[in-house]
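Visitor: sequence? don't have it. structure:
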């Protein structure tokens, strides 16, 4: 306990907790929509795109690699979500293709023109998350807070529209709702969150942040509002618990958080089975 | 009063027309059934009326009807089968048609949703989860949502697909009742005998196009051919 309090008084730990909670909150909000739209794997796909873009940025020796990573990821998100339905390559295949392709090219580029001596170490930390969440600068924390606020505000403002478009896109369009616009909004926010979340859990485990809270919440609740709210709560709890455990036990941050998410899902699954899902 | 007029309308995908030179009129209070074989273009025609798919030629003219005054009952999608949403949330989402840029529902919208649920006997189910309802109840939820979107025109795409005979009959009675109360109804159906029982007008599309009142359809060649088969499903 003393050890925990000592950690909590350090600013770098406070930063990590703030960023972790915010990212968990944002990713879980969108998770519900993405899971229901059958886009569970978009998190995975986009994070690999971000990984590939990071590799290119590293080779080009850009001072701020966000300048390249963010636009590329946003572009891919828009393309993937926009063309999900009436294209020659269907949604899941398109995601798988881009995901694996970007991963391969990223690793290839890093290897061929290696700028650092420890390529496999670099790759491993980008994929599974590194300790970089514990070495955040003031500026990174501020950017993360601002972007999170923007994401939450947009989500709340568009909540009813997002619900309508997720549930029934054709009906929403027939009503004059600009479904394309809201799909675009969801795509852009997803990309932003994924780029942010790479710091936290690394690109291989991002899908977990998006999927687990939504699925856990769906075991327990049956209205869209309740599922959305509880998914956010569960996600924040898992992220906090995961961060604290990893600090105390010295385990990797990303995988500890994901393990917590999985544990919460298991508990929710059991509760859901026991209550027979009778709750509204 | 005239609501919709199609003038020399052509429909199709990728420069290949499946319907050409289609002309019909829908007046206020009509009950139009659109019948025809699979692939004849019924759904495409409906999507064009809703503005979801562009016409490849000719035009559809709306009089006194803006695009957000159409209540649409689509066929169920795969996504909806396990969707966690309460009946009330779904019905309420129909009100978005006339919210403009307002992000949240106001008192009027909420009351309208409650009224329409009452009308279709859904009040008891308000907090139930959509995916736990029976097929007939789900269709009534989607119909209530469509009623929230319109006071003039209902567009129904195979409203009884997958329902058992008893529930099918109830659904038709319900739609018939709404029509008598003044709503204009356009319905796509496979079930020509039911179409014939409730419709005021029939639009038959396929290799031959027929449009006219129910009585005229009985006299026409197309009508005699299909009705002559004793109202079995036309294939």
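Guide: That came through, no problem. Because the structure is predicted, anything quoted here is derived from the model rather than measured. Residues are numbered from 1 along each chain as shown, chains lettered A, B, ... in the order given.
Visitor: Could you look up the SS state of residue B:102?
Guide: For residue B:102, the assignment made with DSSP: H, G, I helix; E, B strand; the rest coil gives coil.
Visitor: how far does the lowest-mean-pLDDT helix or strand in chain B sit from the chain's center?
Guide: Every helix and strand of chain B was ranked by mean pLDDT, DSSP states H and E. The lowest is helix B:221-227, at a mean of 72. Helix B:221-227 has its C-alpha centroid displaced from the chain centroid by 23 Å (Cα atoms, centre = their mean, to the nearest Å).
Visitor: Run through the residues that contact residue B:86.
Guide: The contact partners of residue B:86, taken as Cβ atoms under 8 Å, 6 or more residues apart in numbering or on different chains, are A:222, A:223, A:224, A:280, B:126, B:127, B:128, B:129, B:130. All C-beta spots, glycine's among them, are computed from the backbone N, C-alpha and C.
Visitor: same deal with residue A:258?
Guide: Listed by Cβ under 8 Å, 6+ apart, the contact set of residue A:258 reads A:201, A:205, A:208, A:209, A:212, A:242.
Visitor: which residues sit in contact with the third one?
Guide: Contacts here follow Cβ under 8 Å, 6+ apart; on that basis residue A:208 touches A:201, A:257, A:258, A:261, A:262.
Visitor: Would you convert those residues into a markdown table that also reports secondary structure?
Guide: Below are those laid out as a markdown table (three-state DSSP):
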| residue | secondary structure |
| --- | --- |
| A:201 | helix |
| A:257 | helix |
| A:258 | helix |
| A:261 | helix |
| A:262 | helix |
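Visitor: Closest to residue A:109 out of those residues?
Guide: In terms of Cβ to Cβ, no member of the contacts of residue A:208 lies closer to residue A:109 than residue A:201, at 22.7 Å.
Visitor: Would you confirm that the closest one contacts residue A:259?
Guide: No: assessed by Cβ atoms under 8 Å, residue A:201 is found out of contact with residue A:259, at 10.8 Å.
Visitor: Go through the contacts of residue A:258 and flag which are in helices.
Guide: In this view, the contacts of residue A:258 that belong to helices under DSSP state H are A:201, A:208, A:209, A:212, A:242.
Visitor: all helices of chain B, in order?
Guide: Here chain B has its helices, by DSSP H, at B:42-49, B:78-81, B:87-93, B:107-119, B:135-149, B:165-180, B:192-198, B:214-219, B:221-227.
Visitor: Mind telling me which residue of the stretch 1-150 of chain A is nearest chain B?
Guide: residue A:36 (6.1 Å; Cβ to the nearest Cβ).
Visitor: what's around that residue, how many residues?
Guide: 22 (other Cβ atoms under 10 Å in any protein chain shown).
Visitor: Which helix or which strand is home to the residue nearest to it when sequence neighbours are not counted?
Guide: Spatial nearest neighbour of residue A:36, excluding adjacent residues (Cβ to Cβ, 6 or more residues apart in numbering or on different chains): residue A:166 at 5.5 Å. If you go by DSSP states H and E, residue A:166 is part of helix A:159-167.
Visitor: Please enumerate residues in contact with that helix?
Guide: By Cβ under 8 Å, 6+ apart, the residues outside helix A:159-167 that reach it are A:33, A:36-37, A:155, A:171-172, A:175, A:177, A:179, A:182-183, A:185-186, A:224, A:228, B:79-80, B:83, B:85, B:89-90, B:93, B:96, B:103-105.
Visitor: Filter those down to the buried ones, PyMOL style.
Guide: Filtering the contacts of helix A:159-167 down to the buried ones (16 or more other Cβ atoms under 10 Å in any protein chain shown) takes a single PyMOL command:
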select buried, (chain A and resi 33+36+37+155+171+172+175+177+179+182+183+185+186+224+228) or (chain B and resi 80+83+85+89+90+93+96+105)
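Visitor: What residues does the residue nearest in space to the middle of chain B make contact with?
Guide: Nearest to the geometric centre of chain B sits residue B:156, at 1.4 Å (Cα atoms, centre = their mean). If you count contacts by Cβ under 8 Å, 6+ apart, residue B:156 has them with B:73, B:146, B:175, B:185, B:186, B:187, B:188.
Visitor: In terms of pLDDT, where does it sit?
Guide: Per-residue pLDDT puts residue B:156 at 90.
Visitor: Okay, buried residues for stretch B:13-21 please.
Guide: So, applying 16+ other Cβ under 10 Å, buried residues of stretch B:13-21: B:18, B:19.
Visitor: Tell me how many other residues crowd residue 34.
Guide: Defaulting to chain A. Residue A:34 has 23 nearby residues by other Cβ under 10 Å.
Visitor: my bad, chain B
Guide: 27.
Visitor: What residues does it make contact with?
Guide: Going by Cβ under 8 Å, 6+ apart, residue B:34 touches B:42, B:45, B:46, B:186, B:187, B:188, B:189, B:203, B:205.
Visitor: Tell me the one of those nearest residue B:13?
Guide: For the contacts of residue B:34, the residue nearest residue B:13 by Cβ to Cβ is residue B:45; the value is 12.7 Å.
Visitor: Give me the neighbour count for the closest one.
Guide: By other Cβ under 10 Å, the residues close to residue B:45 number 26.
Visitor: I'd like to know how far it sits from chain A.
Guide: 14 Å (Cβ to the nearest Cβ, to the nearest Å).
Visitor: That residue and residue B:213, how far apart?
Guide: From residue B:45 across to residue B:213, the span is 19 Å (Cβ to Cβ, to the nearest Å).
Visitor: now residue B:190
Guide: Separation of residue B:190 from residue B:213 (Cβ to Cβ) stands at 21 Å.
Visitor: out of those two, which sits in the busier spot?
Guide: Using other Cβ under 10 Å, the more surrounded residue of residue B:190 and residue B:213 is residue B:190, with 17 against 13.
Visitor: Can you read off the pLDDT for that one?
Guide: Reading off the model, residue B:190 has pLDDT 79.
Visitor: same deal with the one 5 residues further on?
Guide: In this prediction, residue B:195 carries a pLDDT score of 74.
Visitor: number of nearby residues for it?
Guide: 26.
Visitor: Skipping adjacent residues, who's closest to residue A:60 in space?
Guide: Leaving aside its sequence neighbours, residue A:60 sits nearest to residue A:68 (Cβ to Cβ, 6+ apart; 7.5 Å).
Visitor: Name the helix or strand for that neighbour, please.
Guide: helix A:66-82.
Visitor: tell me the mean pLDDT for the helix or strand just after that helix?
Guide: The helix or strand immediately downstream of helix A:66-82 is helix A:91-112, counting by DSSP H and E. Computed over helix A:91-112, the mean pLDDT rounds to 82.
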